[in-house]
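In: Coordinates for the following, if possible.
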Amino acid sequence: MTLNAVIAGNFQKAAPLVLLHGFGGGAFSWDGIAASLQGDHPVIAYDLPGHGASLDSDSIGGAGRMAKAILADLDHRGVGHFHLAGHSLGGAVAALLALRNPERVASLALLAPGGFGPAINHRALHRFAVAETEATLAAALEPMVGFNAVFPPEPVAKMLADRRRPGAMAAMETIFAAMFVDARAEQKKQGRLPTDALSTLKMPIRLLWGEEDNILPVVQTEDLPANVLVWRLPEAGHMLIEECAEDVLAAIHANLDDAF
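Out: Got it, this is the predicted structure:
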C-alpha cells in the first residue's frame, strides 16, 4: 500500500523536501516546519509505517524496512530526486535512504538520529511506547525534552488520537522491539548504522543534537566523518522539532542553499 503523506507545493517542479518523524510521532510533527517552508519549497511529510494513517502498512518494523517503504512510495509518486530531513527513528531511516541511494538525495538533515551508537534510553522509550492516557504520555515525554523545556499540548493530543486507532499500540511495540540488537536482553543496545560510510556521501549533511538529550546521548556526535556538519544545541533535549524549530529550519535552509 502507499503510505500516508501530507503534501504541500508542486514536487513535479522541484525536488521535494521529504520529512520523516520520530518514533510515536506522525506527519503532524512537522506541521510548524512545513508551514514555515510553504511557498518556498515543496514538502512531503510522511506517516512512517505503523504510525497514523500508515498504520496498515506491511513495512512495520525497523529503520531498514521503513526506508524501503519510503523509497517505494516515492517511486510510486514519481519522485526521483529529493531532500531529506529526519528526526530520531526518522533520522535513521533518512540516513539509510541516503546511504543506499546517494544519487537521489540532494541534502540530508538529521535530528538526533537513531543508530549512531549503541546507547539508548530504552526504559524511557518503552514508557513512551505504552502510554495510552494524557497523563502517562505527558509523563513519558518529560525526560525527552531539555531540563527546562515544556512539550506543547497540540502534538500530545494528536499522538493520543493516533494511539486510539485499532492496532496502533501493537504496532508501537513491534517497532520498539525492532530498534534493538536483542530486544529480549535486559541491557538493550540499539542497532548501529554504518556511520563511517557517511564519508562517501557528496550531498550537504547537517546533524543537530541537543546537549540535554536523555534518550540518545550527544556523545554520539563524536568521531563522525568531516563532511557531517554537527550542530550541538545547548539546553535542548531529544525533541528538537518542538524545542528548536528555528535551528531545524536554519539547517534545512542551509542544506537547500548548499545543494544548488
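In: Which other helices and strands does the helix or strand that contains residue 242 contact?
Out: Assigned by DSSP states H and E, residue 242 belongs to helix 240-243. Helices and strands touching helix 240-243, by 3 or more C-beta pairs under 8 Å, 6 or more residues apart in numbering; DSSP states H and E, are strand 205-210, helix 245-258. C-beta: built from backbone N, CA, C; applies to glycine.
In: how about 10 Å then?
Out: Contact here means 3 or more C-beta pairs under 10 Å, 6 or more residues apart in numbering; DSSP states H and E; on that basis helix 240-243 packs against helix 31-37, strand 82-87, helix 153-163, strand 205-210, strand 228-233, helix 245-258.
In: May I see the buried residues of the third one?
Out: Judged by neighbour count (16 or more other C-beta atoms under 10 Å), helix 153-163 contains these buried residues: 155, 158, 159, 160, 162, 163.
In: Please tabulate those residues in JSON lines, including the columns distance to residue 121 and pLDDT.
Out: Listed next are those as JSON lines, based on distance: C-beta to C-beta, whole Å; pLDDT from 0 to 100:
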{"residue": "155", "distance to residue 121": "20", "pLDDT": "93"}
{"residue": "158", "distance to residue 121": "23", "pLDDT": "96"}
{"residue": "159", "distance to residue 121": "18", "pLDDT": "97"}
{"residue": "160", "distance to residue 121": "22", "pLDDT": "97"}
{"residue": "162", "distance to residue 121": "22", "pLDDT": "96"}
{"residue": "163", "distance to residue 121": "20", "pLDDT": "97"}
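In: ok, back up a step: so which of the helices and strands packed on helix 240-243 is the most packed in?
Out: strand 82-87 (a mean of 28; mean count of other C-beta atoms under 10 Å).
In: That one vs helix 245-258, what angle?
Out: With axes from the mean of the first three to the mean of the last three C-alpha atoms, to 10 degrees defining the directions, strand 82-87 sits at 160 degrees from helix 245-258.
In: Quick one: mean pLDDT over strand 82-87.
Out: In this model, strand 82-87 has a mean pLDDT of 98.
In: again, but for stretch 29-38
Out: Mean per-residue pLDDT for stretch 29-38: 92.
In: For that stretch, list the C-alpha coordinates in CSV.
Out: Coordinates of each C-alpha in stretch 29-38 appear next as CSV, following Å, rounded to 0.1, in the frame of the first residue of the first chain:
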residue,chain,number,x,y,z
SER,A,29,5.2,16.5,14.0
TRP,A,30,6.4,18.7,11.1
ASP,A,31,3.4,20.9,10.8
GLY,A,32,5.2,24.1,12.0
ILE,A,33,8.3,23.4,9.9
ALA,A,34,6.2,22.6,6.8
ALA,A,35,4.1,25.8,7.3
SER,A,36,7.3,27.9,7.5
LEU,A,37,8.5,26.4,4.2
GLN,A,38,5.2,26.8,2.5
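In: I'm done for today, thanks for sticking with me.
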